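Engineer: Requesting a structural model of the entry that follows:
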Amino acid sequence: MQTPTVDVSIGYTLNIGGSDSREFVSEFWSLVRRLPDDCWEWQGPIYDGYGRFCRKGQKWQAHRLAWVLAHGPIPDGMLVLHKNECHNRACCNPEHLYLGTRSDNAKDAVEIGTHYRGGPGPRSEAVKKRIGFATRLRWQDPEYRERVSLAISETMKETHKSRQRDANGRFV
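Structural biologist: Predicted coordinates:
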């Protein structure tokens, strides 16, 4: 007999059925701290600011799963976005979420100031060059070099100490 499936329409089909589906939903909502008229903070793992729900080897973004459980499937090409008054990536309150396009998401990012607005991103070559320059400047400071050397030597001593062998040749 085949296991019933529930299509949660977020890129995966979860093979659950019967009481297991109730457990799934119950487990998900148990990881959400609900405050009346406020953000419902995700209390589980966080990845890149977004809640992440993991079960049976599958992963979902918590806010997307909250949308599906509250409102149903997410149409193709649509994203689950946080409303302007919220913009808390860890929020799972379905009242703080809405469906939007990539364009809507970009407009929101510009509106709240999280978009790069044409400037260099955090991994751009210009930023890497500035970081490299700052590091080289620091190394020119003898006091800085001394502190780093001391920290490295102390770490090496601790590492060596913990790698001592007992009478049988095993590490202690």
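Engineer: What are the contacting residues of stretch 101-112?
Structural biologist: By C-beta atoms under 8 Å, 6 or more residues apart in numbering, the residues outside stretch 101-112 that reach it are G77, M78, L79, L81, H82, N84, H87, G100, H115, R117. Using the backbone N, CA and C atoms, a C-beta is placed for each residue, glycine as well.
Engineer: can you tell me how far D37 sits from P75?
Structural biologist: Separation of D37 from P75 (C-beta to C-beta, to the nearest Å): 28 Å.
Engineer: Would you mind giving the domain segments of the chain?
Structural biologist: Per the record, the chain has its domains at 6-76+86-94, 125-162, by automatic domain parsing.
Engineer: before we move on, back to that, can you flag which of the contacts of stretch 101-112 belong to strands?
Structural biologist: Secondary structure from DSSP state E places L79, L81, H82, G100 of the contacts of stretch 101-112 in strands.
Engineer: Dump these to JSON lines, plus pLDDT, neighbour count and distance to Y50.
Structural biologist: What follows is the ones in strands among the contacts of stretch 101-112, written out as JSON lines (pLDDT from 0 to 100; neighbours: other C-beta atoms under 10 Å; distance: C-beta to C-beta, whole Å):
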{"residue": "L79", "pLDDT": "94", "neighbour count": "15", "distance to Y50": "12"}
{"residue": "L81", "pLDDT": "93", "neighbour count": "22", "distance to Y50": "12"}
{"residue": "H82", "pLDDT": "91", "neighbour count": "22", "distance to Y50": "10"}
{"residue": "G100", "pLDDT": "94", "neighbour count": "17", "distance to Y50": "16"}
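Engineer: Thank you kindly, that will do.
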